[in-house]
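**Q** no sequence on hand, only this structure:
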């Protein structure tokens, strides 16, 4: 698995993880679900369905860079659903983006 990292200062890591957790809860969980299973409250109305991050075949098929690109620029930029909205405000926060990538990857470790 490609685990390329953005450069992050050690003191900023905890803050980035905290911000990423809040962003996941407020922006991502509505579709991807709080546990990353693609079963959020909004998922029932979506076609295609949101990605289940516990799917090991998907975890192995996607790079960290693709996940980061989808987070910042939206699903359509990586060949996924155009319904997945971009988060352009995160473009200037690579440490938070990396923490979100790490969160997505953590669902595949369970």
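**A** Right, received. Where do you want to start? In this text the structure is predicted, and so the values were computed from the model without any measurement.

**Q** elements contacting the worst-scoring helix or strand of the chain on mean pLDDT?
**A** Between all helices and strands in the chain, the lowest mean by mean pLDDT, DSSP states H and E belongs to helix 10-23, at a mean of 87. In terms of contact count using 3 or more CB pairs under 8 Å, 6 or more residues apart in numbering; DSSP states H and E, helix 10-23 is assigned the packing partners helix 94-107. For every residue, glycine as well, the C-beta is placed using N, CA and C.

**Q** quick one: mean pLDDT for the helix it packs on?
**A** Looking at helix 94-107 alone, the average pLDDT works out to 97.

**Q** and it, what's buried?
**A** For helix 94-107, a neighbour-count test (16 or more other CB atoms under 10 Å) marks 94-105, 107 as buried.

**Q** circling back: what is the subsequent helix or strand relative to the least confident helix or strand of the chain?
**A** From helix 10-23 onward toward the C-terminus, using DSSP states H and E, the following helix or strand is helix 29-32.
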